[in-house]
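Colleague: the sequence isn't on hand, but the structure is:
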């Protein structure tokens, strides 16, 4: 199971106004999330396998304090957002990679907002910032219906056959993938955008937003166009049968994991009601149907700010339970995790969650079994048999919701007889299983409803941190008149984003372009001190050059042509380097 961090959240100020990831300064309007993630990359990488980012494209609200990015205006503009610049985003992803933590984007392909050329028409400037030739411009035929009965979009597209039309609440201009005209135009643009965004940023996977409102065959084809890319989907439904039907039936057939809303609502019922039996009433979550497609979470930015959906009590108990389960991925909500010194208003469970994540990544593999359940207490175990992953020794997690009384119990375990067990939460002394392999222990009371009344027993003597591997990052610059970088010319062009490199690490430049036989292109990487660290010159065939950085910090990339026509030349430049926290 991978453990990830949802690296954003929604907050409210004293007047009830929404704020997206408040900055920890007096300047609450300053975009800072990408820079903050880069500065925290080492700490994040020591705990998590992946980071889930919010939408990175320019939304109608721009960098406004309440803009969360879901009202997409221009997909291929990754500047001017609430979270920071494209340069800062690239540096954050590279820093996380350097500390062994992969990054996932949020694919918002259901709706657009902010039309600027009439109903259903979105127009954008190209690479020169003036000519309105930017890629991804729309016509009314991209969208279904209208915003209301008095606002039809000519030519009118029928509603798509989405999985649950009553739940498909109109939000901006809803994109038609089934009935758009010309046929296939919206699907082709979504595929082109995701390919570009993945290469441009260095992200490795995507959350697919609002699949319940999207035409499922198109969702599958879009995902299949990126065959090496992993996806999980927001299919907002608390019924595991509905989650399973969408995820495993045609056309999806297991291509995407799903957010386990069924599990969330079981955790909510147990934690808000101080009732451990809620974990086992009906179905405990979609993970019981298909653990390999279940992405579990305690809260996320939607449930946390939706009345009746948020978990308001016993959050640490919730994470102790979540991180013991067999899931494809478990996600920790950043608003639960970070202290208020990082995000004013955050809940600050980082020390507890760090400990639980280490326990989960170290011991929580193999078969899962419920060993005890009553209104106050729940005990679950993992048998430690990871097959090709190896043997972890097993794990026993016990929870107590009772706010007055500790609970002493004896229950079965997967450890075998006479095994020394250590509680890695620090809440209980060491114990030894008896001749039957059973364990006797006391779970502390949930005093003051503090939510720390849990124990996690596993074989004693394990102290090493969970290993992580530094990775280089590859980010690709695409030069074309309808994107964000001008085609190469016979004059040196400094690319709009710098890269932030670690000292004494390799950097490579791989340049490709279709140019005349007599022409050439040269790409150069230069340190802040003006030292050239890598340079590549190509003719008609692409090649790759390698260099080594001599300083830590920002490096500038430039491209210069020779013998090119006046119109210049499109090119792709893939830069591979080792990032570092700033």
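Modeller: Arrived safely, thanks for sending. Because the structure is predicted, anything quoted here is derived from the model rather than measured.
Colleague: strands of the stretch 201-350 of the chain, start to end?
Modeller: 205-208, 230-233, 257-259, 294-297, 329-333 (DSSP state E, counting those that start in this stretch).
Colleague: for the shortest one, what is the distance to the chain centroid?
Modeller: On the basis of CA atoms, centre = their mean, to the nearest Å, the separation between the geometric centre of strand 257-259 and that of its chain is 12 Å.
Colleague: the chain should start at 633 in everything you say after this.
Modeller: Happy to do that; since the first residue is 633 now, the last one works out to strand 889-891.
Colleague: who are the packing partners of that strand?
Modeller: strand 862-865, helix 872-880, strand 926-929 (3 or more CB pairs under 8 Å, 6 or more residues apart in numbering; DSSP states H and E). C-beta here means a position set from N, CA and C on the backbone, and glycine is covered the same way.
Colleague: ok, now the fourth one?
Modeller: Counting contacts by 3+ CB pairs under 8 Å, 6+ apart, the secondary-structure elements packed against strand 926-929 are strand 889-891, helix 893-905, strand 961-965.
Colleague: so which of these gets nearest residue 682?
Modeller: Closest approach to residue 682 among these (CB to CB): strand 961-965, 7.5 Å.
Colleague: what average pLDDT does stretch 869-878 get?
Modeller: The average pLDDT within stretch 869-878 is 96.
Colleague: quick one: that stretch to chain centroid distance?
Modeller: 22 Å.
Colleague: what does that stretch contact?
Modeller: 795-796, 799, 843-844, 848, 867, 884, 890, 892-894, 896-897, 915, 917-918, 920-922 (CB atoms under 8 Å, 6 or more residues apart in numbering).
Colleague: for this structure, which residues score under the pLDDT cut-off?
Modeller: 656-662, 778-785, 799, 1172-1174, 1214 (pLDDT under 70).
Colleague: mind redoing it with 80?
Modeller: 655-663, 777-788, 797-802, 913-914, 1021, 1171-1175, 1213-1214 (pLDDT under 80).
Colleague: can you check which strand is longest in it?
Modeller: Under DSSP state E, the strand in the chain containing the largest number of residues is strand 1185-1194.
Colleague: what strands line up against the helix or strand that comes right after it, and which way round?
Modeller: For strand 1185-1194, the following helix or strand on the C-terminal side (DSSP states H and E) is strand 1203-1209. As defined by DSSP bridges, the strand partners of strand 1203-1209 come to strand 1105-1111 (antiparallel), strand 1138-1144 (antiparallel).
Colleague: check the offset of strand 1203-1209 from the chain's centre.
Modeller: That offset, for strand 1203-1209, works out to 24 Å (CA atoms, centre = their mean).
Colleague: quick check: buried residues in it?
Modeller: Across strand 1203-1209, burial judged by 16 or more other CB atoms under 10 Å covers 1203, 1204, 1205, 1206, 1207, 1208, 1209.
Colleague: direction-wise, compare that strand with strand 1185-1194 and give the angle.
Modeller: 150 degrees (axes from the mean of the first three to the mean of the last three CA atoms, to 10 degrees).
Colleague: if we can go back for a sec, from the buried residues of strand 1203-1209, which single one is nearest residue 803?
Modeller: Relative to residue 803, the closest of these is residue 1204; by CB to CB it sits at 34.2 Å.
Colleague: so who does the closest one touch?
Modeller: 1108, 1109, 1110, 1111, 1143, 1144, 1145.
Colleague: how about those residues in a markdown table, adding distance to residue 986 and neighbour count?
Modeller: Formatted as a markdown table, the contacts of residue 1204 follow (distance: CB to CB, whole Å; neighbours: other CB atoms under 10 Å):
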| residue | distance to residue 986 | neighbour count |
| --- | --- | --- |
| 1108 | 34 | 18 |
| 1109 | 36 | 22 |
| 1110 | 38 | 19 |
| 1111 | 43 | 22 |
| 1143 | 42 | 22 |
| 1144 | 43 | 17 |
| 1145 | 47 | 22 |
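Colleague: pick out the most distant pair among those.
Modeller: 1108 and 1145 (12.7 Å).
Colleague: and residue 1074, what element?
Modeller: Element membership for residue 1074 (DSSP H and E) is strand 1071-1075.
Colleague: chain center to that strand, what's the gap?
Modeller: 37 Å.
Colleague: go on, stretch 697-707?
Modeller: 16 Å.
Colleague: of the helices and strands packed on strand 926-929, which approaches residue 638 most closely?
Modeller: Ranked by CB to CB, the member of the helices and strands packed on strand 926-929 that lies closest to residue 638 is strand 961-965, at 5.1 Å.
Colleague: that older thread, CSV please, covering the helices and strands packed on strand 926-929 and showing distance to residue 974.
Modeller: Output for the helices and strands packed on strand 926-929, formatted as CSV (distance: least, CB to CB, whole Å):
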stretch, distance to residue 974
strand 889-891, 25
helix 893-905, 24
strand 961-965, 14
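Colleague: tell me where the stretch 883-1032 of the chain has helices.
Modeller: All helices of the stretch 883-1032 of the chain, identified by DSSP state H, counting those that start in this stretch, fall at 893-905, 933-936, 947-954, 966-969, 982-995.
Colleague: for those helices, which one sits closest to residue 714?
Modeller: Short answer: helix 933-936, nearest of the helices of the stretch 883-1032 of the chain by CB to CB, at 12.7 Å.
Colleague: buried ones in the closest one?
Modeller: By neighbour count on 16+ other CB under 10 Å, the buried set for helix 933-936 is 933, 935, 936.
Colleague: next one: stretch 1185-1201
Modeller: 1185, 1186, 1187, 1189, 1191, 1192, 1193, 1196, 1200, 1201.
Colleague: check stretch 749-763 too.
Modeller: Applying 16+ other CB under 10 Å to stretch 749-763 flags 752, 753, 754, 756, 758, 759 as buried.
Colleague: widest-spaced pair of those?
Modeller: Maximum pairwise distance among the buried residues of stretch 749-763 (CB to CB): 24.6 Å, between 752 and 759.
Colleague: re the thing from before, pick the one among the contacts of residue 1204 closest to residue 655.
Modeller: Looking across the contacts of residue 1204 and measuring by CB to CB, the closest to residue 655 is residue 1109, at 28.9 Å.
Colleague: list the residues that contact that closest one.
Modeller: Residue 1109 sits next to 832, 1117, 1127, 1129, 1189, 1204, 1205, 1207 when contact means CB under 8 Å, 6+ apart.
Colleague: from what I see, residue 803 and residue 742 are in contact.
Modeller: Yes - counting by CB atoms under 8 Å, residue 803 touches residue 742, with 7.4 Å between them.
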